[in-house]
Structure formats: C-alpha cells, structure tokens
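Trainee: Sharing a sequence plus its predicted fold:
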Amino acid sequence: MNGRLPPVRRDPSPPDPSPPDPFLPDLSGTVVLVTGASGGIGSGIALRFAAAGAAVVVHHHSGAERAAAVAAEITAEGGQAATAQADVTDPAAAAALVDLAVDRFGRLDAVVAAAGVQPVAELAGMPVESWREVLDGNATGAFATVQAAAAVMRGRGGSITLVASVEGTRPALGHAHYAAAKAATIMLARAAALEYGRDGVRVNSVSPGLVARPGLREDWSDGVERWERAAPLNRLGEPQDVADACVFLASPMARWITGHDLVVDGGMAVVPAW
C-alpha cells in the first residue's frame, strides 16, 4: 500500500448536539480516533466517546456497513462522526488515517487502538503464517497506530490507549499467538509512555476480560458459565464497561496516568487458581 486512503465519509450536518452524558467526563470539543470501531468492543468505545461529547473518527478495515451504522447512530444523537477505512498494520496507511482525522476535524486529542483479530489454534503445528497474521493484526497494528498518533500529538499533548487483553498475562488454550500479541501490546504501551511522556503524550492500555457478543453464549456455553461462576462480579463484561475505561484514560481525570494497564475483567484477576 502507498498509505493513501479513500476520501473520508462526510456525514450530513448533525442536529443540535445533545449534552454529554452526565455520568461521563465532558470531552466536548475534543476529537478521538477509534481503530477497529466496526467490531463489538470498538463500536462500543466509539459510541461512548460520542456520548461524552467528542467528535469521533470511526475506523474499520473491512466492516464498512457496521462503521457507517455506528457513525449514523452518533450523528442521529447530535454528535459528530466520520468513517474511514485503512489497514493499520501498514505504517503508511496508519499515518494517513491519523492525518485524515486531523484534516476532518482540525485536531486529534485521543486515539484508541481497538483493531485486532482473535482466532483459535493449537500451538503444536501452528504455521508461522498464522503466528505472523495474529501478531501483525494486534501488535503491529498497535505499533503503527502509536507511531502515527504520537507524531501529530508531540508538543501539544494527547492520549493513546491500546486495547490489550487479560490474556496478555494469563493465556488461554489455543491462544498462544493471541496471548503473545497482547503481551506485546501491553509492553508497547509502557515503552511508548516512557518515550513520549516528555512530549505530553500519555499512553496506556486496557485489558478486557470476557466481553459479551452476539452468539457467544451459544458458541461457548460452558466457558461463559465457568466465567460467570468464577468472576467476583458474576457476569460477563459489556462493551460499555471497556469503553468507559477508555474514556476515563483519555480524559483530564487521568492526566497523571501513563504507562498503566487498566484491567477490566469483573475481578477475575484476583480469583485463586488453586
């Protein structure tokens, strides 16, 4: 790829904006780019930033229809949104995506890197191509997004949040490639926080536990039941649970927080393994 993106989808002028959700930090006047915003967690993040008053660039790789629906939902509520497609594993495309956000809204205050893939495969006999695909789809995409976002934020400040996973510290069967990628994502956030802090750029990660999605209970009923029994809060997460953590980290309330991995797992991390 040469890094050039198709024109940004410009939605119709929104109606008078609704006041930000009083239960969220007020992010009115700010601009956020959410990668992977056509996915379950990513779309939830985009919607919650809009509810907080931010203008949102809704990124997708191949989910144009869902991204358009998320943007339409935001504008229907009086918010500002635009959609954009890019392969964020390509550094040039990631840089073009960030530039597009600035061109569309005039600034960029926060980025949430939620793009990723999560296949299941045993480590024994795993082709190296499968390993590379998952490492690229998660860690390399986060790397390119951090580089691109920090380049425009240096000197004026901003927040970058990488969506990792509890599997970055506690792997699951069949997820060796995914767990390794998310461990790299967590450490990338810490390393980036160290390097970009003096430029006013904060970098954190959020590690969700098991988050509900359509069909999950049918596809993995025993796993869902085990999670609900074991988790201290006795339920799966919802996209909004992860999204609110991301909104917090991008807000002035988190102005002295960087290099942190915020675990959002209903308390599963404290459950004894014996």
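Mentor: The structure has been received and is ready for your questions.
Trainee: okay, CA-based contacts and neighbour counts for the rest of this
Mentor: Noted.
Trainee: Report how many residues lie close to the nearest residue to R235 once chain neighbours are set aside.
Mentor: Nearest non-adjacent residue to R235, counting by C-alpha to C-alpha, 6 or more residues apart in numbering: E228, 4.8 Å away. E228 sits with 18 neighbouring residues when counted by other C-alpha atoms under 10 Å.
Trainee: For E228, give me phi and psi.
Mentor: phi -60, psi -30 (degrees, to the nearest 10).
Trainee: which ones are touching it?
Mentor: With contact set as C-alpha atoms under 8 Å, 6 or more residues apart in numbering, E228 has these partners: 234-236.
Trainee: and what of V88?
Mentor: Per C-alpha under 8 Å, 6+ apart, neighbours of V88: 61, 94, 141-142, 144-145.
Trainee: hmm, 10 Å instead?
Mentor: Counting by C-alpha atoms under 10 Å, 6 or more residues apart in numbering, V88 makes contact with 3, 35-36, 59-61, 94-97, 113, 115-116, 136-138, 140-145, 148.
Trainee: Where strands are concerned, which of those residues count?
Mentor: Counting by DSSP state E, these place 35, 59-60, 113 in strands.
Trainee: I'd like these laid out as a markdown table, including neighbour count and distance to A46.
Mentor: Compiled in a markdown table, these are given as follows (neighbours: other C-alpha atoms under 10 Å; distance: C-alpha to C-alpha, whole Å):
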| residue | neighbour count | distance to A46 |
| --- | --- | --- |
| T35 | 34 | 9 |
| H59 | 33 | 9 |
| H60 | 26 | 12 |
| A113 | 27 | 11 |
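Trainee: helices and strands around the helix or strand where N204 lies, which ones?
Mentor: Taking DSSP states H and E as the definition, one finds N204 inside strand 201-208. When contacts are defined as 3 or more C-alpha pairs under 10 Å, 6 or more residues apart in numbering; DSSP states H and E, strand 201-208 sits against strand 110-113, helix 141-153, strand 158-163, helix 176-196, helix 239-250, strand 261-264.
Trainee: CA-only coordinates of it in CSV, if you can.
Mentor: Output in CSV follows, covering the C-alpha atoms of strand 201-208 (Å, rounded to 0.1, in the frame of the first residue of the first chain):
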residue,chain,number,x,y,z
VAL,A,201,1.7,12.2,25.2
ARG,A,202,0.2,9.7,27.6
VAL,A,203,0.0,6.0,26.6
ASN,A,204,-1.9,3.4,28.4
SER,A,205,-3.5,0.0,27.8
VAL,A,206,-6.9,-1.5,28.8
SER,A,207,-7.1,-5.3,29.3
PRO,A,208,-10.6,-6.6,29.0
